[in-house]
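> Next come a sequence and a model predicted from it.
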Amino acid sequence: MSCRMNLIAAGLAALALALAAGCTNAAPQAEPLRGEAMVAAADPLAVEAGLEMLRRGGSAIDAAIAVEMTLGLVEPESSGVGGGGFLIHYRASDEAIDAFDGREWAPAGATPDMFLVDGKPLSFELAQASGKSIGTPALIPMLKMAHEQHGKLPWATLFEPAIRLAEEGFVVGPRLSRSLLNNRAIFEADAQARAIYLDAAGKPWPQGHVLKNPLYAQSLRSIASEGPKALTHGPIADAIVAAAQRQPRAGTLTLADLQAYAPRRLDPLCGSFRVYRVCTMPSPSSANAMLSILGLYERARPQPDGPENVQDWAAYVWASRLSYVDRDHYMADDRFVQAPTREIVAPTYLDARAKLIDLSKAPPAMPVGAPAGEALKNKWGSEAMQEHGTTHLSIVDHDGNAVSLTATIESEYGAHRMAGGFWLNNELTDFSLQPVIDGKPVANAVAPRKAPRSSMSPSIITDKDGELVMVAGSMGGSTIIASVSRTIIGVLDWKQTPQEAVGTAMVFARTPEISVEADRMPKAMSDALSGLGWRVSRDAHYSGTHAILVTPQGLVGGADPREEGKAIALPPH
């Protein structure tokens with residue numbers, strides 16, 4: 001690790017010393033948590049694929065591609081070749097941060113009312129399991145763009161671990177076994193899925209079965225040799241279009257749509273939090289809501305105490321409610337609509353919004369703000385679509401470069417249609433299913449070649465001098481915003497280890513009813529929030545937050561204990 005990475009803000013030094021002394025409640029790991037390079041992701045096999053690339057001298061981008069291609073095999077319900085994602089890259093040599101947009105587009109034939117029947121929106125379940133919901137697969141083009149700028153190993157090399165596992169097979173673990181059992185009907189409806197995930201009797205493969213996916217291996221070989229063109233021209237592209245145009249509820253995706261898609265390199269969206277700089281994705285992500293939560297929380301709690309203090313949680317709930325209500329009203333693909341992406345996180349606007357916060361009580365209602373003026377505020381109707389699914393991985397390589405990548409096919413098993421051994425996304429259900437609400441157009445309505453709004457918030461945190469401090473991100477649909485902001489607060493404010501932070505109770509405050517994670521938040525704390533006037537429900541939650549922290553003693557990782565993920569480090573060269 002370069003010496004510059006060993007110099008981080010003084011507030012983290014105490015945490016590092018505590019870790020060195022063994023003062024941590026982190027869950028036991030099969031590998032040491034500290035090291036010079038690290039991969040944190042949702043499955044041990046995928047983590048190992050990334051580590052293999054790092055051992056071979058690869059960069060963080062190289063490792064990220066190997067991890068994600070493996071996740072598409074071993075965690076097929078969440079992300080993969082048929083979906084998209086966002087990637088934030090940190091280059092240690094000059095502290096440059098890049099954002100890569102791999103969000104899917106709607107086909108040219110898409111219309112604002114495509115999810116309406118007799119003037120009413122389809123149920124989410126019917127909209128999801130359809131060709132209408134399939135956008136242009138965008139992950140591979142984005143990863144290829146990032147690799148061309150920051151890769152070290154040959155492109156084809158990065159697919160070797162996933163191809164090997166797909167051909168030789170991997171052991172079905174508890175999480176995938178449960179998913180296969182719970183989604184049997186999905187597999188029965190798709191010929192490829194039946195052949196891959198069900199036995200001769202039509203039963204899902206059980207835990208311990210060695211699962212193979214030769215068709216996926218074949219697709220990866222084509223992508224390894226041809227690049228993104230393998231998904232826009234030829235048999236895989238034809239299979240994608242055929243699946244999208246299949247009845248019932250056929251979509252309009254064509255080869256021309258696949259070939260028209262183009263990933264983008266963007267400037268990241270950055271905001272301050274205490275003495276740190278947090279950089280994440282701009283539009284079409286709504287990750288500005290995550291930055292808004294951090295900024296409002298900082299203003300409400302200038303001297304935070306920790307997760308045992310109800311005032312800290314009250315500040316977090318207030319910050320979340322204010323941020324989500326703005327996000328639901330305004331955010332959409334700013335290539336098509338005026339979205340106040342940067343105005344929402346402007347210090348002057350956050351100062352004004354923070355004046356509404358009263359930690360002694362909950363508000364009777366949560367008003368939408370006007371970061372870009374009343375005219376824009378009055379233009380839109382608010383909608384609160386809930387996204388799902390997704391995976392996240394965090395990586396730091398031996399040179400101190402870092403990747404934060406969140407990838408998705410949207411809901412579990414996407415559109416419930418396969419092509420080329422992978423699942424196709426249902427990202428278009430991330431649009432508002434209703435183009436008009438309360439007589440006003442919705443910013444996030446469907447339009448041709450438009451990208452649906454996303455909550456994915458891959459993040460890179462640096463100190464005031466630009467040196468890497470932390471890599472973080474999460475899965476979980478619109479709960480991503482909550483998971484990432486809570487994890488950053490946990491590590492940087494509450495002085496938790498990354499493992500403690502990702503395992504801290506989920507608090508999801510998007511609507512007037514606040515949902516807290518029953519298994520992880522003491523009832524006394526949720527009762528204390530109720531005592532302040534918040535409507536609180538105690539629920540089960542899922543997430544997949546993975547974080548890496550830079551300390552003077554090396555990298556420290558955290559993998560979400562709700563999944564089977566790992567944060568595994570490599571020692572110095």
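Structure received.

> next SSE after the worst-scoring helix or strand of the chain on mean pLDDT?
The helix or strand of the chain with the poorest confidence is helix 10-20; it has a mean of 37 (mean pLDDT, DSSP states H and E). Per DSSP states H and E, the first helix or strand lying C-terminal to helix 10-20 is strand 37-41.

> Next SSE downstream of that next one?
helix 44-55.

> so what does that following helix touch, helix or strand wise?
strand 37-41, helix 60-74, helix 160-168, strand 391-396, strand 566-570 (3 or more CB pairs under 8 Å, 6 or more residues apart in numbering; DSSP states H and E). No exception for glycine: its C-beta is placed from N, CA and C like everyone else's.

> Name the nearest residue to residue 95, sequence neighbours excluded.
residue 466 (3.7 Å; CB to CB, 6 or more residues apart in numbering).

> Please confirm that residue 236 is located within a helix.
Yes. Read with DSSP: H, G, I helix; E, B strand; the rest coil, residue 236 is one of the residues of a helix.

> And the closest residue to it other than its chain neighbours, how far from residue 82?
Closest residue to residue 236 apart from its sequence neighbours, by CB to CB, 6+ apart: residue 420 at 4.5 Å. Residue 420 sits 8 Å away from residue 82, going by CB to CB, to the nearest Å.

> Where do the helices of the stretch 101-250 of the chain begin and end?
124-128, 139-150, 160-168, 174-182, 184-188, 191-197, 214-226, 235-244 (DSSP state H, counting those that start in this stretch).

> got a markdown table for those, with mean neighbour count and mean pLDDT too?
A markdown table is the format used below for those (neighbours: other CB atoms under 10 Å; pLDDT from 0 to 100):
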| stretch | mean neighbour count | mean pLDDT |
| --- | --- | --- |
| helix 124-128 | 17 | 96 |
| helix 139-150 | 22 | 98 |
| helix 160-168 | 20 | 98 |
| helix 174-182 | 17 | 96 |
| helix 184-188 | 16 | 97 |
| helix 191-197 | 18 | 97 |
| helix 214-226 | 20 | 98 |
| helix 235-244 | 20 | 98 |
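
> what's the overlap in contacts for residue 420 and residue 82?
residue 240 (CB atoms under 8 Å, 6 or more residues apart in numbering).

> and these two? which has more neighbours close in?
Taking neighbours as other CB atoms under 10 Å, residue 420 and residue 82 compare with residue 82 leading, 32 against 26.

> wait, is that one part of a helix?
No. Per three-state DSSP, residue 82 lies outside any helix segment and is coil.

> count of neighbours near the residue lying closest to residue 350 once chain neighbours are set aside?
Leaving aside its sequence neighbours, residue 350 sits nearest to residue 295 (CB to CB, 6+ apart; 4.3 Å). Here the count is done by other CB under 10 Å, and residue 295 has 27 residues near it.

> Wasn't residue 295 part of a helix?
Yes. Using three-state DSSP, the assignment for residue 295 is a helix.

> That one contacts residue 270, doesn't it?
No. Residue 295 is not in contact with residue 270 according to CB atoms under 8 Å; the separation is 11.5 Å.

> any idea how far residue 357 lies from residue 569?
Distance from residue 357 to residue 569, by CB to CB: 39 Å.

> Neighbour count for those two, which is higher?
Using other CB under 10 Å as the criterion, residue 357 and residue 569 rank with residue 569 on top: 22 against 19.

> Isn't that one up against residue 35?
Yes. Counting by CB under 8 Å, residue 569 does reach residue 35; the two are 2.6 Å apart.

> what's the overlap in contacts for those two?
Shared contacts of residue 569 and residue 35, counting by CB under 8 Å, 6+ apart, come down to 554-555.

> Could I get the full set of helices for the stretch 401-550 of the chain?
Under DSSP H, counting those that start in this stretch, the stretch 401-550 of the chain gives helices at 479-492, 498-503, 523-531.

> Return the most buried member of these.
Of the helices of the stretch 401-550 of the chain, the one with the most neighbours on average (mean count of other CB atoms under 10 Å) is helix 479-492, at a mean of 28.

> Please state the mean pLDDT value computed over it.
In this model, helix 479-492 has an average pLDDT of 98.

> what's the angle from it to strand 391-396?
30 degrees (axes from the mean of the first three to the mean of the last three CA atoms, to 10 degrees).

> how far out from the middle of the chain is helix 479-492?
Distance of helix 479-492 from the chain centroid (CA atoms, centre = their mean, to the nearest Å) equals 12 Å.

> Now residue 126: closest residue in space that isn't a chain neighbour?
residue 249 (6.7 Å).

> so how many other residues sit close to the one you found?
Other residues close to residue 249 by other CB under 10 Å number 18.

> Hmm, it is touching residue 131, no?
Yes. Here residue 249 reaches residue 131: they are 6.1 Å apart, a contact under CB under 8 Å.

> Scan this structure for its longest helix.
helix 310-330 (DSSP state H).

> just checking, next helix/strand downstream of it?
Following helix 310-330 in sequence, per DSSP H and E, is helix 347-354.

> C-alpha coordinates for the helix or strand that comes right after that following helix, CSV please?
Where DSSP H and E defines the elements, the next helix or strand beyond helix 347-354 is helix 374-379. This file holds the C-alpha atoms of helix 374-379, laid out as CSV (Å, rounded to 0.1, in the frame of the first residue of the first chain):
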residue,chain,number,x,y,z
GLU,A,374,-41.2,26.7,-6.7
ALA,A,375,-41.8,26.5,-10.5
LEU,A,376,-40.0,23.2,-10.8
LYS,A,377,-41.6,21.9,-7.5
ASN,A,378,-45.1,22.6,-8.8
LYS,A,379,-44.4,21.0,-12.1
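
> Give me the buried positions along helix 374-379.
Going by neighbour count (16 or more other CB atoms under 10 Å), the buried part of helix 374-379 is 376-377, 379.
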